[in-house]
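1. got a structure for you, letters missing:
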């Protein structure tokens, strides 16, 4: 599942995200804007997969605060989304496993606060067997808590935050920018860069002003992206 951004796809072992795998993302901070950016980051991946396969997206969350108009703006209309609202995280994980085995969704997006290592192993296994992407939004349980500090069997783990948008010549708000960090990937190194947020087709882009100079971090070494 390529992002269509060379600065990302070229650094992922599969030339993009592996389809049959568990991928996790969490917000860079506990702020609402970073949380929204993380939600849209995963939604854009699901939107691209739904457009490619023609199947619906299952969105599983114990909360009822998903903002449908925002999803539609990045290429995921309400008609393409099946909602599930389990009572707790344990029930949510069961819903994911059942949906993967059913095979109806093109992708699954799930929001959870507490997921054990054993649970992520199960999700990775069923995702691989069904060749279906499972996108897990790891919500913070506290302001100082980092969900990615917990062990996981996910194929990739991402940390997403907002970045200043482009300064316009006239008053207004430019296209959103996100600070995207691949904190971990199997068989590869982590990296980070600034991208423009999803367009109406779920596509990201490298800001024109940054181009090949998009700042990227691998481990503790900072260098210019090729």
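-> Structure's in. What do you need? Bear in mind the structure is a predicted one, so any value in this text is a computation, not a measurement. Numbers count the residues shown, from 1 in each chain.

2. Could you report the neighbour count for residue 157?
-> The local packing of residue 157 (other Cβ atoms under 10 Å) involves 22 other residues. (C-beta placed from N, C-alpha, C; glycine too.)

3. so which strand or helix has it?
-> Using DSSP states H and E, the secondary-structure element containing residue 157 is strand 156-163.

4. Check which helices and strands that strand sits against.
-> Secondary structure elements in contact with strand 156-163, counted by 3 or more Cβ pairs under 8 Å, 6 or more residues apart in numbering; DSSP states H and E, are strand 22-27, helix 32-53, strand 177-185.

5. any idea how far residue 64 is from the closest residue to residue 157 other than its chain neighbours?
-> Setting aside the residues directly before and after it, residue 157 is nearest to residue 184 in space (Cβ to Cβ, 6 or more residues apart in numbering), at 4.3 Å. When distances are taken as Cβ to Cβ, to the nearest Å, residue 184 and residue 64 turn out to be 31 Å apart.

6. Could you check which of the two has the larger neighbour count?
-> Of the pair residue 184 and residue 64, residue 184 is the one with more neighbours under other Cβ under 10 Å, namely 17 against 7.

7. roughly how far is stretch 76-90 from the heart of the chain?
-> Centroid displacement of stretch 76-90 relative to its chain, using Cα atoms, centre = their mean, to the nearest Å, is 16 Å.

8. residues making contact with that stretch?
-> Applying Cβ atoms under 8 Å, 6 or more residues apart in numbering, the contact partners of stretch 76-90 are 43-44, 46-47, 50, 56-64, 66, 68, 71-72, 92, 94-95, 99, 104-105, 112-115, 202.
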